[in-house]
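A.B. asks: Sharing a model that was predicted from the sequence below.
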Amino acid sequence: MLTSEQLAAIEASPYKADFPLLAQHPEVVFLDSAATAQRPEAVLAAERTFYETMNANPLRGLYRLSVEATASIEQARNHIASFIGAVDAAGKPQGSEIVFTRNASESLNLVARTLPQVVGLGPGDDVVISIMEHHSNIIPWQQACAATGANLVYLRLDDDYTITPAEMEAKIGPRAKIVSVTHVSNVLGVENDIASIAARAHEMGATMVVDGAQSVPHLSVDVRQLGCDLLAFSAHKMGGPMGIGVLWGKAELLDAMPPFLTGGEMIDSVTETDAVWAPVPQKFEAGTQDAAGSYAFDAALGYLQGLGMGQIEQRERLLATYLADQLSQLDFVRIVGPADGTRHIGAVAFNVEGIHPHDVASILDMSDVCIRAGHHCAQPLLAYLGESSTCRASVAFYNDKQDIDALVEGLKTVWQVFNGR
């Protein structure tokens, strides 16, 4: 349980005024930030500024507008690299290690299509993922294994929703060529020990891929400390625009990986019979890029850093703890995942006894309480846990105690609707 001082810290939100949708609609209780975050005014203004002041095709023009558009993309790359600790020994951000995609799903598909060729994935080799992966980190590897004859191996959870060291040793062995694991589960909200998993992967000679879609928005992520080789995440879960994703990778690995998409701007030269690829990151960025989106993502990072990721993480941990504590006090609600609220990064999944999650979400919506309901693109995990679907409430730093209290009151109403008491 939180102390009175901790409760006071989340009683109200000083941040909602920064988010037009929340400011203009104070009745909305938004508890679905694990799906997509709200956008602060700074991000909305940045996207408009790009189109009003430097709207031109980046990379393709020598005139001022195009040069400025190109420069804005490179500035965003460096900012992202700095944000995730992708820096050299002198602390200089390595923007050339940042590849822009449409979203984390595309980043993971890019890796699953190209990395197998680099590591020589073939029959008898293992690709190791966890049972808690989002479909975006399952289906691409299913396809890669089907194409190469490799085995898809799952790291499974113990009764405490943890991937144990013993499980790592048992599943990540000499046959492992690729290990791809989510940093934070989008359903359970639990954080995996990526540093230990990466150390085991590298000990066995495997390449470590991390799905950071649910961690980079909420934690201070440093790719060097994690020990991963590739990291995927999305702007829209961090207050940035939809349609912008990031793939970070070690320079030597990105250099070795072949292109995923082909066409304009990813080439150095083309003849009638052959082509030479442009250097990384352009090698992976065929066609016109969303320059306005990257410019606005840059603004989103600036906004988050202005608040301080440490401050954001601390507040969100208090919110998630309060959320889990309050849900656990409802005798008709069962949390799916750790009962300990401190184990949850942002998201808490739960079910209401005898009531389908879709019905729960629909009735809550009548009170302007927004939660997620369904399988959360993680059907293998839910099957493993013996669930067909769940409700999921997820918090961000702009939420407050009142939002969670509104959810609790809404759930009481749901129960009354179905049970008359």
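C.D. replies: Great, that's in hand. Residues are numbered from 1 along each chain as shown.

A.B. asks: ok, which stretches of the stretch 1-150 of the chain are helices?
C.D. replies: 4-9, 20-24, 41-53, 64-83, 104-119, 139-148 (DSSP state H, counting those that start in this stretch).

A.B. asks: cool, the stretch 201-350 of the chain as well?
C.D. replies: Going by DSSP H, counting those that start in this stretch, the stretch 201-350 of the chain shows helices at 223-226, 251-256, 291-307, 309-328.

A.B. asks: now these as JSON lines including mean neighbour count and distance to E285?
C.D. replies: For the C-beta atoms, the positions are set from N, CA and C on the backbone; glycine is no exception. Listed next are the helices of the stretch 201-350 of the chain as JSON lines, based on neighbours: other Cβ atoms under 10 Å; distance: least, Cβ to Cβ, whole Å:
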{"stretch": "helix 223-226", "mean neighbour count": "16", "distance to E285": "20"}
{"stretch": "helix 251-256", "mean neighbour count": "15", "distance to E285": "12"}
{"stretch": "helix 291-307", "mean neighbour count": "22", "distance to E285": "11"}
{"stretch": "helix 309-328", "mean neighbour count": "20", "distance to E285": "27"}
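
A.B. asks: close enough to count as contact, L231 and G212?
C.D. replies: Yes. When contacts are counted by Cβ atoms under 8 Å, L231 is listed as touching G212 (5.0 Å).

A.B. asks: anything in contact with each of those two?
C.D. replies: Listed as contacting both L231 and G212 by Cβ atoms under 8 Å, 6 or more residues apart in numbering are I84, V221.

A.B. asks: In terms of residue numbering, what are the domains of this protein?
C.D. replies: 4-30+308-419, 47-305 (automatic domain parsing).

A.B. asks: T36 is nearest to which of these?
C.D. replies: domain 47-305 (4.9 Å; Cβ to Cβ).

A.B. asks: residues contacting F100?
C.D. replies: Per Cβ under 8 Å, 6+ apart, neighbours of F100: I73, R77, I244, G245, V246, P281, E285, Q289, D290, S294.

A.B. asks: how does it look with 10 Å?
C.D. replies: 73, 76-77, 80, 106-107, 235, 244-247, 281-282, 284-285, 289-291, 293-294, 297 (Cβ atoms under 10 Å, 6 or more residues apart in numbering).

A.B. asks: returning to what we had before: rebuild the helices of the stretch 201-350 of the chain as TSV, extending it with distance to D18 and mean pLDDT.
C.D. replies: Below are the helices of the stretch 201-350 of the chain laid out as TSV (distance: least, Cβ to Cβ, whole Å; pLDDT from 0 to 100):
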stretch	distance to D18	mean pLDDT
helix 223-226	28	97
helix 251-256	35	98
helix 291-307	8	97
helix 309-328	13	97
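
A.B. asks: Mind checking those helices for the one nearest to D126?
C.D. replies: helix 251-256 (19.0 Å).

A.B. asks: which outside residues touch that closest one?
C.D. replies: 86, 88, 94, 96-99, 111, 114-115, 117-119, 207, 229-230, 247-250, 279-281, 283-284.

A.B. asks: Show me what the least confident helix or strand in the chain by mean pLDDT is packed against.
C.D. replies: Ranking every helix and strand in the chain by mean pLDDT, DSSP states H and E puts strand 267-270 at the bottom, with a mean of 92. In terms of contacts (3 or more Cβ pairs under 10 Å, 6 or more residues apart in numbering; DSSP states H and E), strand 267-270 is packed against strand 275-277.

A.B. asks: picking that back up, let's have the helices of the stretch 1-150 of the chain in CSV, adding mean pLDDT, distance to A166 and mean neighbour count.
C.D. replies: Listed next are those as CSV, based on pLDDT from 0 to 100; distance: least, Cβ to Cβ, whole Å; neighbours: other Cβ atoms under 10 Å:
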stretch, mean pLDDT, distance to A166, mean neighbour count
helix 4-9, 96, 35, 12
helix 20-24, 98, 45, 13
helix 41-53, 97, 44, 16
helix 64-83, 95, 34, 19
helix 104-119, 98, 25, 22
helix 139-148, 98, 23, 17
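
A.B. asks: Figure out which of those helices is closest to V352.
C.D. replies: Using Cβ to Cβ, the helices of the stretch 1-150 of the chain put helix 4-9 closest to V352, at 24.9 Å.

A.B. asks: Need the contact partners of that closest one.
C.D. replies: By Cβ under 10 Å, 6+ apart, helix 4-9 touches M1, L2, T3, Q314, R315, R317, L318, L319, T321, Y322, D400, K401.

A.B. asks: 6 Å instead?
C.D. replies: Outside helix 4-9, the residues that touch it by Cβ atoms under 6 Å, 6 or more residues apart in numbering are L318.

A.B. asks: could you dump that helix to CSV, C-alpha only?
C.D. replies: C-alpha atoms of helix 4-9 as CSV (Å, rounded to 0.1, in the frame of the first residue of the first chain):
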residue,chain,number,x,y,z
SER,A,4,-0.1,9.2,2.6
GLU,A,5,2.8,11.1,1.1
GLN,A,6,2.9,8.9,-2.0
LEU,A,7,-0.9,9.2,-2.4
ALA,A,8,-0.6,12.9,-2.2
ALA,A,9,2.0,12.9,-5.0
